[in-house]
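In: Whatever this is, show me its structure:
(one chain, ligands or ions: 2)
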Amino acid sequence: MSFITDIKTFAALGSGVIGSGWVARALANGLDVVAWDPAPGAEEALRKRIANAWPALEKQGLKPGAAQSRLRFVATIEECVRDADFIQESAPERLELKLDLHGRISAAAKPNALIASSTSGLLPSEFYESSSHPQRCIVGHPFNPVYLLPLVEIVGGRNTAPEAIEAAKQVYSALGMQPLHVRKEVPGFIADRLLEALWREALHLVNDGVATTGEIDDAIRFGAGLRWSFMGTFLTYTLAGGDAGMRHFMAQFGPALQLPWTYLPAPELTEELIDAVVDGTSEQRGERSIASLERYRDDCLLAVLDAVKTTKARHGLNFSD
Ligand SMILES: NC(=O)C1=CN([C@@H]2O[C@H](COP(=O)(O)OP(=O)(O)OC[C@H]3O[C@@H](n4cnc5c(N)ncnc54)[C@H](O)[C@@H]3O)[C@@H](O)[C@H]2O)C=CC1
Ligand SMILES: C[N+](C)(C)CC(=O)CC(=O)[O-]
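Out: Ligands and ions are numbered 1, 2, ... in the order given. Prediction:
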C-alpha cells in the first residue's frame, strides 16, 4: 500500500486557531494550500492570521517559493480536497461533526492521499468509522502555535495501515515537525494526558484559594518550564537523584506520591514500575555521566534564559515581567 508523501498541495478544513496555524506552516514550506471553513468571514480571518504569523516565519526562514498568495480559499469540502496530496482537518471537537465531515472528505479525496485530524483527544477508530479507504486515516495532533512548535502526535485507528503512519511521519518531518507516534489509541494521547493533569491541579489550586493564576504560571515559567524546553521529566529527575541517579530518586521521593499532594490517584509503586522507570531513564542517559548531563542541562538553561531575556528586552519587558 503506498500513500502520497511528496506533497505539493495541502488541504486544510477548518481555519480557526489550529487550521490557520497549519495553513501558515504549509505556506512557509513552499506548498500550495487550499482551505475551506463554513463560517461567514472565515477567509478574511484566515488571511489576517497568516499575515500575523508571517514575520515569525520569515525570521525562522521560509522555504523556496513560500508565499501567502499560494493560499486558495474554496466554497466546498469536495473542491478543497479533490486535488490535495495531504489533508488536515481542524474542525470543532465534536464526534458527530467529525464523523460526518470525514465521510465527505474521504469520499472526495484521492484514495492514496493521507487524511489527518488535529483532534486533541477523540479516537480515530470512532470518527473515521464511516470513511472511505480508512487505512490512510490518522490523527496528527499539533500544538499551538502550529507554525512554530515542532511536536505532532501521530495516532492510528483500528483500520489505519502501518504504512500510513510511516508516510505521515515523512510528510510532517518534511514540514519541519517532530512526529511522535502514539502506539496505543488512548483518549488524550500522550501530551494532553500530561497537560490535562497539570491543568486539573492548577484549577484545584485556584479553586481552593491556594494561589492565583499568575502565581501558578510563575511557578511553572521560572522553574520547571525552563527545564522542560530541552529536558523532559524523566531525565530531569534522574539528575535530581545525584550520582546514584533514578533508583535513588525513586527511593527518596517515590513515597511522596502517596501523600495527599494531588487530587489524582497515584499509581501503586510496584517493583515493576520502579524498574520500568529506572530502565527507561538509563536508556535515555546512554553512556553519558551525571556530571556531563549536568553540564548539558546548565548550558541549555543559560541559552534559554539568555534567549528569553533578550526577546523580552526587545519587547520593552524586564526578565521578571
Ligand atoms: N486550540 C488548541 O489549543 C488546539 C486544538 N486542537 C484541535 O484542533 C481542532 C480545531 O480546534 P480550534 O482550531 O482550536 O477551534 P476553532 O474554534 O478556533 O476553529 C474551528 C473552526 O472550524 C470551523 N468549522 C465549524 N464547523 C465546521 C465543519 N463542519 N467543518 C469544518 N470546519 C468547521 C469553524 O468555523 C472554525 O473556524 C479541534 O479538533 C481541537 O481539538 C489541537 C491542538 C490544540
Ligand atoms: C487545550 N488543548 C487540549 C486543546 C491543548 C492541546 O491539544 C495542545 C496544546 O496546544 O496545548
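In: what ranges do the strands span in the chain?
Out: Taking DSSP state E, the strands of the chain run over residues 9-13, 32-36, 71-73, 86-89, 114-117, 137-141, 151-156, 178-182.
In: Among these, which comes closest to residue 79?
Out: strand 32-36 (7.3 Å; C-beta to C-beta). Any C-beta I mention is one placed from the backbone N, CA and C, and that applies to glycine too.
In: between that closest one and strand 9-13, how big is the angle?
Out: Interaxial angle, strand 32-36 versus strand 9-13 (axes from the mean of the first three to the mean of the last three C-alpha atoms, to 10 degrees): 20 degrees.
In: CA atoms only: put strand 32-36 into CSV for me.
Out: C-alpha atoms of strand 32-36 as CSV (Å, rounded to 0.1, in the frame of the first residue of the first chain):
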residue,chain,number,x,y,z
ASP,A,32,0.1,25.3,-2.4
VAL,A,33,-2.7,25.4,0.1
VAL,A,34,-6.5,25.0,-0.4
ALA,A,35,-8.7,25.9,2.6
TRP,A,36,-12.4,25.6,3.5
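In: Report all helices and strands that it contacts.
Out: Where contact means 3 or more C-beta pairs under 8 Å, 6 or more residues apart in numbering; DSSP states H and E, strand 32-36 is packed against strand 9-13, helix 17-28, strand 71-73, helix 77-81.
In: residues contacting the residue in the stretch 201-321 of the chain that ligand 1 sits nearest to?
Out: Nearest to ligand 1 in the stretch 201-321 of the chain, going by C-beta to the nearest ligand atom, is residue 202, at a distance of 15.8 Å. By C-beta atoms under 8 Å, 6 or more residues apart in numbering, residue 202 lies in contact with 213, 216.
In: can you pull the pLDDT of it?
Out: If you check residue 202, the pLDDT there is 93.
In: can you give me the helices in the stretch 201-321 of the chain?
Out: 213-219, 225-228, 233-240, 245-253, 271-285, 290-314 (DSSP state H, counting those that start in this stretch).
In: how many other residues sit next to the spatially closest residue to residue 236 that is not a sequence neighbour?
Out: Nearest residue to residue 236, sequence neighbours excluded (C-beta to C-beta, 6 or more residues apart in numbering): residue 227, at 5.4 Å. The tally of other residues near residue 227 (other C-beta atoms under 10 Å) stands at 17.
In: go on, residue 163?
Out: Neighbourhood size, residue 163 [other C-beta under 10 Å]: 13.
In: Would you confirm that it contacts residue 2?
Out: Yes - between residue 163 and residue 2 there is a contact under C-beta atoms under 8 Å: 7.0 Å.
In: in the stretch 151-300 of the chain, what residue is nearest ligand 2?
Out: When distances are taken as C-beta to the nearest ligand atom, the stretch 151-300 of the chain reaches nearest to ligand 2 at residue 192, 4.8 Å away.
In: Ligand 1 contacts on the chain?
Out: The chain has residues 13-19, 37-39, 42, 90-93, 97, 101, 118-120, 141-142, 144 near ligand 1, with proximity defined as C-beta under 6 Å from any ligand atom.
In: let's go with 5 Å and repeat that
Out: Within the chain, the positions lying close to ligand 1 (C-beta under 5 Å from any ligand atom) are 13-14, 16-18, 37, 39, 90-91, 93, 118-120, 144.
In: What subset of those residues is buried?
Out: Among those, those classed as buried by 16 or more other C-beta atoms under 10 Å are 13, 14, 16, 18, 37, 90, 91, 118, 119, 120.
In: Kind regards, and thank you for your time.
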